[in-house]
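>>> sharing a sequence plus its predicted fold:
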Amino acid sequence: MYIYDSSKKTKLKFESIIPDKVTMYVCGPTVYDDAHLGHARSSLSFDMLFRTLKAIGYEVKYIRNFTDVDDKIIAKMKDIGKSLLEITEFYTQRYLNEMDALGVQRPTVSPKATESIEAMENMISSLLKKGFAYQISNGDVYFNTSKDTKYGSLSHMVNDDTISRIEAISEKKNPKDFALWKATNEFVSFDSILGKGRPGWHIECSAMIEKYTDGTAEYSIDIHGGGADLLFPHHENEAAQSRCATGHELAKYWMHNGFVQVDGEKMSKSLGNSFFLKDALNSYDGEVLRFYLTSVHYRNDFNFNEIDLLNSKKRLDRIYRLKKRVFDQTSSKPTERFVQKMLEAMTDDLNISIALSVIDSMAATANEKLDITPNDKNLKKETRANIEFISHLLGFGEKEPFEYFQIGIDEDMKAKIEELLGQRSEAKKAKDFKLADSFRDKLTSMDILIMDTANGTLWEKLT
RNA sequence: GGGGCCAUCGCCAAGUUGGUAAGGCCGUAGAUUGCAAAUCUGCUAUUCUCCAGUUCGAGUCUGGAUGGCCCCUCCA
């Protein structure tokens, strides 16, 4: 396995801290609003990593948190007059449902920040004790970035703060110092050894990583991931507080996925042009979205638009058409060379482009052979096994093929289609091709594509 | 103002250690078909935004220009 480490800015051979075991932590969502395409991409990127690591034999512990206490959630509470729990439970469930629709496998552990306050207190206390943190007059606790000699080494942000867009809080010792604990009694607060208050954002990940993993003398976990925007300051801060509190580095490898733009424009909360996943799922099948969103390498920027989505769907369709051809057989063993090439691609920093081209070439070969010997059982079994391998590794092609091409068709519509097909076939029998074609035209206008095969006429819903 | 990333065929998109441009869509010719669709086969970038340099050799390295994006503010 090779992984691009965004801290070292180079592709590295992956060597897990403990042989055959991997611990990966990915920053999950703050549950105060619906998930957008960016959340989907991040989740999908690390789902691919999770699946690939498992496929090559690692025992993987995958942790993805839910930030369920935060200023934005509190703002929402004030806004809509609901409790913290009502809001966070609602959006957590929504998030999980939508990720399920995308075929994202559930992480091994999904901790919530509010369930780990004690772990955060302990880490903050330890930082105070060791002199890496300080308390200001209102009771807030800040991390002192100037005490960490390695601060900035992760993101390579120069530790020179002469110009910054952030308005300095007067009592902060350095502009980049960040809040570990906010002393407050307002709305949401926890009793702690630091007094009443709530944690800052960065501390939760560090504390939960310590709580849910064992770590070694050198590192807490193997891989830490998240969106590219989290590299600074979020991950830099996590790395700093962790190393100062525990005496070892937080993660051996850092991975960041690229941004999603919509029709060439940045999607952001402040611009108000977030493309919600729920809206996308309303228009397109989850698997079609999954295929499209993962078809570009995870580190590149992704420009979401409908034309590209529809084009990428055609590639997915091919997998399902092949699956239709081998529908009547159970699977045997996948082709060795195919498996090997697929794994070779995915273990090269998740090179999905190569993996997809390997699939295309497998499909072309299988189709060619099936054209010659349509009833070759062994060939069908092997092809089916290949498709199941794709499903397993990449999460594509899991559906029953006939259902895949009939998504969005209700019973009435189906009956209507069957009726028209019947009429067409009778016209064909009578050699009245003009009449037969008129039925086909009718189906085409209903967005139904038909194809005559040796086993009768098949149909597919277009788009 | 500071830091970083990217720029490959009409469109999407691979291409660590420099060695002579994957794949998909579209288009096109053919096989197949009553005609289609599906499927298969052939063709489709002497060239990688531009300029200069290093080199026997550069899409890949260096410098510069242009364009796009990200971070430094909540953000995946």
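Nice, I can see it. Numbers count the residues shown, from 1 in each chain, chains lettered A, B, ... in the order given.

>>> next secondary structure element downstream of the helix or strand containing A:His39?
Using DSSP states H and E, A:His39 maps to helix A:37-55. Downstream of helix A:37-55, the next assigned helix or strand under DSSP H and E is strand A:59-64.

>>> contacts for that following strand?
With contacts defined as C-beta atoms under 8 Å, 6 or more residues apart in numbering, strand A:59-64 is touched by A:20-28, A:43, A:46, A:50, A:53-54, A:107-111, A:208-209, A:212-213. Where you see a C-beta, it was placed from the backbone N, CA and C, and this is true even at glycine.

>>> now swap in stretch A:93-105 and tell me
Under the criterion C-beta under 8 Å, 6+ apart, residues A:29, A:31, A:34-35, A:39-40, A:43-44, A:47, A:50-51, A:66, A:106, A:277-278, A:281, A:286-287, A:289-290, A:293, A:395, A:398 lie in contact with stretch A:93-105.

>>> still on that earlier bit, would the helix holding A:His39 count as contacting RNA strand B?
Yes - Helix A:37-55 reaches RNA strand B (C-beta under 7 Å from any atom of the strand) through A:37-39, A:41-42.

>>> residues in contact with the residue nearest to A:Lys130 when sequence neighbours are not counted?
Closest residue to A:Lys130 apart from its sequence neighbours, by C-beta to C-beta, 6 or more residues apart in numbering: A:Cys244 at 6.6 Å. By C-beta under 8 Å, 6+ apart, the contact set of A:Cys244 is A:127, A:130, A:132, A:143, A:147-148.

>>> and what about A:Cys244, helix, strand or coil?
Following DSSP: H, G, I helix; E, B strand; the rest coil, A:Cys244 is assigned to helix.

>>> what does the pLDDT read for it?
The model reports A:Cys244 with a pLDDT of 96.

>>> so A:Arg325 versus RNA strand B, what's the distance?
8 Å (C-beta to the nearest atom of the strand, to the nearest Å).

>>> okay, now that residue: neighbour count?
Applying other C-beta atoms under 10 Å, we find 21 residues neighbouring A:Arg325.

>>> figure out the length between the terminal residues of stretch A:186-197.
Its first and final residues considered, stretch A:186-197 spans 8 Å by C-alpha to C-alpha, to the nearest Å.

>>> now do the buried residues in that stretch.
Across stretch A:186-197, burial judged by 16 or more other C-beta atoms under 10 Å covers A:188, A:190, A:192, A:194, A:197.

>>> do the same with stretch A:5-20
A:5-7, A:14, A:16-17.

>>> again with stretch A:298-311
A:298, A:302, A:304, A:309.

>>> tell me what the residue of the stretch 101-250 of chain A found nearest RNA strand B is bridged to.
Here the stretch 101-250 of chain A gets closest to RNA strand B at one residue, A:Gly227, 1.7 Å apart by C-beta to the nearest atom of the strand. Beta-bridge partners for A:Gly227, by DSSP bridges, are A:Asn257.

>>> and it, what does it touch?
Counting by C-beta under 8 Å, 6+ apart, A:Gly227 has contacts A:27, A:38, A:42, A:256-257, A:259.

>>> for the stretch 101-250 of chain A, what spans make up the helices?
For the stretch 101-250 of chain A, applying DSSP state H, counting those that start in this stretch gives helices covering A:117-129, A:201-212, A:236-246.

>>> A:Met342: which of these is closest?
Proximity to A:Met342 (C-beta to C-beta) singles out helix A:201-212 among the helices of the stretch 101-250 of chain A, at 31.3 Å.

>>> and the angle from the closest one to helix A:117-129?
Interaxial angle, helix A:201-212 versus helix A:117-129 (axes from the mean of the first three to the mean of the last three C-alpha atoms, to 10 degrees): 110 degrees.

>>> show me what helix A:201-212 is packed against.
strand A:21-26, strand A:59-64, helix A:117-129, strand A:178-183, strand A:219-227, helix A:236-246 (3 or more C-beta pairs under 8 Å, 6 or more residues apart in numbering; DSSP states H and E).

>>> run the chain-centre distance for that helix.
Put simply, helix A:201-212 sits 20 Å off its chain's centre (C-alpha atoms, centre = their mean, to the nearest Å).

>>> stretch A:279-295 too?
Using C-alpha atoms, centre = their mean, the offset of stretch A:279-295 from its chain centre is 12 Å.

>>> stretch A:327-345 now?
For stretch A:327-345, the distance to the chain centre is 25 Å (C-alpha atoms, centre = their mean).

>>> ranges for the strands of the stretch 301-450 of chain A?
Assigned by DSSP state E, counting those that start in this stretch, the stretch 301-450 of chain A shows strands spanning A:302-304, A:448-453.

>>> quick one: strands adjacent to the first one?
Here the strand partners of strand A:302-304, with direction, are listed using DSSP bridges: strand A:260-262 (parallel).

>>> now the strand it pairs with, how far from the chain's geometric center?
Put simply, strand A:260-262 sits 15 Å off its chain's centre (C-alpha atoms, centre = their mean).

>>> what's the answer for stretch A:207-226, then?
20 Å.

>>> now which of the contacts of stretch A:93-105 would you call buried?
For those, a burial check counting by 16+ other C-beta under 10 Å picks out A:29, A:31, A:34-35, A:39-40, A:43-44, A:47, A:50-51, A:66, A:277, A:281, A:286-287, A:289-290, A:293, A:395.

>>> got the residues of the stretch 201-350 of chain A near RNA strand B?
A:201, A:226-234, A:257-261, A:264-270, A:295-297, A:300-303, A:307-308, A:311-312, A:314-315, A:317-318, A:321, A:348-349.

>>> domain parsing of chain A, as residue ranges.
Following automatic domain parsing, one gets these domains for chain A: A:2-129+A:146-152+A:202-262, A:313-401, A:411-461.

>>> does RNA strand B sit close to the last one?
When you say that, I think you mean domain A:411-461. Yes - counting by C-beta under 7 Å from any atom of the strand, RNA strand B is contacted by domain A:411-461 at A:428, A:433, A:436-437, A:440, A:449-453.

>>> not counting its neighbours along the chain, what's nearest A:His224?
Nearest one to A:His224, counting by C-beta to C-beta, 6+ apart, is A:Ala251 at 3.7 Å.
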